[in-house]
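In: task: produce atomic coordinates for the following.
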Amino acid sequence: MTTALGTLLGSEKKAQELLSRIPVKNLLFLTRHELHEAGLPYRTAARLECAVSLVKEAMAASAPPPRPLISSKLVYDHVSPLCGYPREESFWILCLDIRQKPLCLEQISMGDIGETTVSLRRIARVAFTANASRIILIHNHPSGDPSPSDNDVALTRHIADALTPIQITVIDHLILGHGCYYSFADHDAM
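Out: Residues are numbered from 1 along each chain as shown. So this is what the prediction gives:
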């Protein structure tokens with residue numbers, strides 16, 4: 001891993017330094033701007049982002065056709081390896097078609113240890129671009145406890161209410177903990 005990343009970055013030492021700050025599974029979700037903020041020169045960050053994008057596209061092209069995600073357990077099993085366990089609170093949306101087959105998983109924001117800022121505009125743009133009719137909100141709690149806060153409940157309702165007029169339905173909000181999750185739909189909290 002270090003050798004391959006070192007080839008992209010120009011040296012194995014740079015690769016080791018980067019991996020000491022950012023777990024390799026989290027590298028898959030960082031933009032070139034975030035990689036640049038993590039200390040990479042902008043051109044190197046752009047090159048790494050392009051390489052990751054190429055790998056993601058190759059994996060998607062060779063993957064079997066997606067199955068409908070009709071339960072919170074299926075959603076959790078689908079997204080947990082892709083989202084990883086960042087040390088910062090992060091927010092994603094899973095875009096689904098009308099039959100609840102996954103279209104894309106997109107990271108919307110990354111914050112700090114206890115919160116992240118969520119852009120409703122970005123959520124709508126990602127859902128429209130994917131041609132999604134349904135979405136699932138996903139975020140993690142770095143503490144490992146997936147219990148929703150009052151802010152989590154309010155945010156879920158706000159996003160669901162805002163997207164209803166444009167015919168995008170929020171069907172669940174999963175909060176990821178360490179090896180566990182909380183589903184708003186399972187708890188009739190939607």
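In: the domain parsing of this structure - what is it?
Out: Using automatic domain parsing, the domain parsing of the chain gives 2-62, 72-183.
In: M190: which of those is closest?
Out: Among these, the nearest to M190 by C-beta to C-beta is domain 72-183 (6.8 Å). Every C-beta, even on glycine, is put in place using the N, C-alpha and C of the backbone.
In: after the lowest-mean-pLDDT helix or strand in the chain, which helix or strand is next?
Out: Least confident helix or strand, the chain: helix 24-27 with a mean of 76, by mean pLDDT, DSSP states H and E. For helix 24-27, the succeeding helix or strand toward the C-terminus, using DSSP states H and E, is helix 32-37.
In: can you point out the buried residues in that following helix?
Out: 32, 34-36 (16 or more other C-beta atoms under 10 Å).
In: try stretch 12-28
Out: Neighbour counts using 16+ other C-beta under 10 Å place 14-15, 18, 22, 26-27 of stretch 12-28 among the buried residues.
In: show me where this protein has its helices.
Out: In the chain, the helices defined using DSSP state H lie at 2-9, 12-21, 24-27, 32-37, 42-62, 72-83, 120-130, 150-163.
In: R21 and A38 touch, don't they?
Out: Yes. R21 is in contact with A38 according to C-beta atoms under 8 Å; the separation is 6.2 Å.
In: pLDDT weak spots in the chain?
Out: Regions of the chain meeting the criterion pLDDT under 70 cover residues 1, 63-65, 84-86, 114.
In: tell me which residues touch L74, please.
Out: Residues in contact with L74 (C-beta atoms under 8 Å, 6 or more residues apart in numbering) are 67-68.
In: do you know how far it is from Y181?
Out: 12 Å (C-beta to C-beta, to the nearest Å).
In: and for L28?
Out: 20 Å.
In: next: I168.
Out: Plainly put, I168 is 22 Å away from Y181 if you go by C-beta to C-beta.
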